[in-house]
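A.B. asks: Quick check, what structure comes out for this input:
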Amino acid sequence: MNAQPVDDQLIEAFGSEMPLGLNIPADGVVAVILAYNELLRFPYFLEYYRALGISHFLVVDNNSSDGSPEFLASQPDVQLIRTEKEYRDYKSIWRQLLCDRYLTDRWVIFPDVDELFVYPGWPEKKIDNIVQYLNAGNYAAMFCPMVDMYPAGPLRDLTYRPGQSFLEVCPWFDASGYRYNPLKGSHGKRYKTPARHVFGGTRERLFHQNSKRTKTAFDRLLLTTVFSLRSKEPNSALGRKLDQLILKLVKNALPSPAAIQSKIPLIKWQRGYTFSGGVHGIAQQIPVAPVWGALLHFKYLDDFQRKVAEALRRRQHTDNAGHYREYDAQSSAVMEVGLLGDTSRLFQGVHSLQDCGLVRESHDFQIFSSKNI
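C.D. replies: Sure, this is the predicted structure:
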């Protein structure tokens, strides 16, 4: 553990311009966001999360050049922190230090600017209702699959306007093709929460198909039973070990590397929590609610090709932007043909996700909701 005072760590991680003594409201859920050149999405993103009931936004801007810092500086509920430090070196540290310094024992949500948080009861229930349920059950986090959203046609035909609803232009998602299994190897042992992650979906269907061998009938049986979206994660050390042993039977038939399609974006922060890199997992074992939300993921707007080229140029993402090289290889097809496939379904509300297992409404949540209408 770093014995250096937190304020000194903040200055080291963000640079000498890091403002200390941030003015954050004492109540409500706070959003902590890392961003680079997201002016296209920020107007609707902020509108959406304000409507959910977010009280304040802490935005770390990583040297954007598209006018988003100026836009954010004009927003009264946004605290802007600008830094030129390398995203690949500090993405976890930035979040952790801000929360350690300002948000200990507070509920914090960590969305990317292309992600919208939904949950059972959305949009009528606000985020404060979700937090009340989590507090009542002594839960410290909420699990969310990431659900890629896309338009019906080619991306070249899409013209998204800042402030427009993301769902208005990208209402389609993959309703099947997911699995729910532990991480492979030491990474799964190092980051204890959550016990399992979601993989598959649109991203794997289009971009990540390479595996060491083809699936057998036995592989398909395991994937549709033990590791299906509706399966239960283990709740004991022995169960976790058994999960890993079963995964070894099928892992060579799975794409590698496989992109994690889930996060724990809503956390009651405690000092010392350590992210795995992104918000996919943390080192500490903490109680996760049985109810699932989802992060609707809007990567596929008309700026897709530009964002892929930008990521490859900057090389700030995992494995020197390795997944973006796979995006790049297929980007022309996505722009010219689109993403619609046999598993595509139109999003018509959160029940669309519940029907296919991407959102869960637990028994204790139903009881809580009936008493807190």
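A.B. asks: mind checking the SS state of residue 289?
C.D. replies: What DSSP: H, G, I helix; E, B strand; the rest coil gives for residue 289 is strand.
A.B. asks: Now it: closest residue in space that isn't a chain neighbour?
C.D. replies: residue 139 (4.1 Å; CB to CB, 6 or more residues apart in numbering). Any C-beta I mention is one placed from the backbone N, CA and C, and that applies to glycine too.
A.B. asks: same thing with residue 11?
C.D. replies: Using CB to CB, 6+ apart, the closest residue to residue 11 is residue 18 (5.2 Å).
A.B. asks: Dihedrals phi and psi, the one you found?
C.D. replies: phi -60, psi 120 (degrees, to the nearest 10).
A.B. asks: Kindly provide the distance from the residue nearest to residue 289 to residue 95.
C.D. replies: Distance, residue 139 to residue 95, by CB to CB, to the nearest Å: 20 Å.
A.B. asks: Looking at the two, which one has more neighbours?
C.D. replies: Each of residue 139 and residue 95 has its neighbours counted (other CB atoms under 10 Å); residue 95 has more, 24 against 19.
A.B. asks: That one and residue 34 touch, don't they?
C.D. replies: Yes. The criterion here is CB atoms under 8 Å, and residue 95 meets it with residue 34 at 7.2 Å.
A.B. asks: What is the subsequent helix or strand relative to the lowest-mean-pLDDT helix or strand in the chain?
C.D. replies: None of the helices or strands of the chain scores lower by mean pLDDT, DSSP states H and E than helix 318-336, at a mean of 69. Downstream of helix 318-336, the first helix or strand assigned by DSSP states H and E is strand 344-346.
A.B. asks: buried residues in the following helix or strand past that following strand?
C.D. replies: Remark: after strand 344-346, the chain's next helix or strand is helix 350-355, criterion DSSP H and E. For helix 350-355, a neighbour-count test (16 or more other CB atoms under 10 Å) marks 350, 352-353 as buried.
A.B. asks: now the strands for this protein?
C.D. replies: Under the criterion DSSP state E, strands of the chain are mapped to 30-35, 56-61, 78-82, 107-109, 115-118, 141-148, 172-174, 178-181, 197-200, 262-268, 288-292, 294-297, 344-346.
A.B. asks: any residues touching the fifth one, and which ones?
C.D. replies: Looking back up the chat, that one is strand 115-118. 45, 48-49, 52, 109, 111, 127, 144, 146, 166-167, 265-266, 293-298, 350, 353, 359 (CB atoms under 8 Å, 6 or more residues apart in numbering).
A.B. asks: Give me the buried subset of those.
C.D. replies: Buried by 16+ other CB under 10 Å: 45, 48-49, 52, 109, 111, 127, 144, 146, 166, 265-266, 293-298, 350, 353, 359, out of those.
A.B. asks: Mind splitting this protein into its structural domains?
C.D. replies: By the assignment in automatic domain parsing, the chain contains the domains 1-113, 114-371.
A.B. asks: now the buried residues of helix 350-355 in CSV, with distance to residue 211 and pLDDT?
C.D. replies: Output for those, formatted as CSV (distance: CB to CB, whole Å; pLDDT from 0 to 100):
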residue, distance to residue 211, pLDDT
350, 32, 98
352, 29, 98
353, 27, 99
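A.B. asks: Contacts only, for residue 155.
C.D. replies: Contacts of residue 155 were listed using CB under 8 Å, 6+ apart, and they are 300-302, 304-305, 334-335, 338-339.
A.B. asks: mind putting these in CSV, distance to residue 4 and neighbour count included?
C.D. replies: Below are these laid out as CSV (distance: CB to CB, whole Å; neighbours: other CB atoms under 10 Å):
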residue, distance to residue 4, neighbour count
300, 41, 24
301, 41, 22
302, 44, 17
304, 41, 19
305, 42, 16
334, 45, 20
335, 47, 17
338, 50, 20
339, 46, 26
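A.B. asks: Closest one of the residues you listed to residue 312?
C.D. replies: When those are compared for distance to residue 312 (CB to CB), residue 305 wins out at 10.8 Å.
A.B. asks: thinking again about what came up before, any idea how far residue 256 is from the residue nearest to residue 11?
C.D. replies: Going from residue 18 to residue 256 by CB to CB gives 39 Å.
A.B. asks: quick one, which of these two is more surrounded?
C.D. replies: residue 18 (20 against 12).
A.B. asks: My guess is the more buried one contacts residue 9. True?
C.D. replies: No. Counting by CB under 8 Å, residue 18 does not reach residue 9; the two are 9.9 Å apart.
A.B. asks: any idea how far residue 174 is from the residue nearest the centre of the chain?
C.D. replies: Central residue of the chain (CA atoms, centre = their mean): residue 263, 4.5 Å from the mean position. Counting by CB to CB, the separation of residue 263 from residue 174 is 17 Å.
A.B. asks: Likewise for residue 293?
C.D. replies: Using CB to CB, we find residue 293 at a distance of 18 Å from residue 174.
A.B. asks: Repeat that for residue 162.
C.D. replies: 27 Å.
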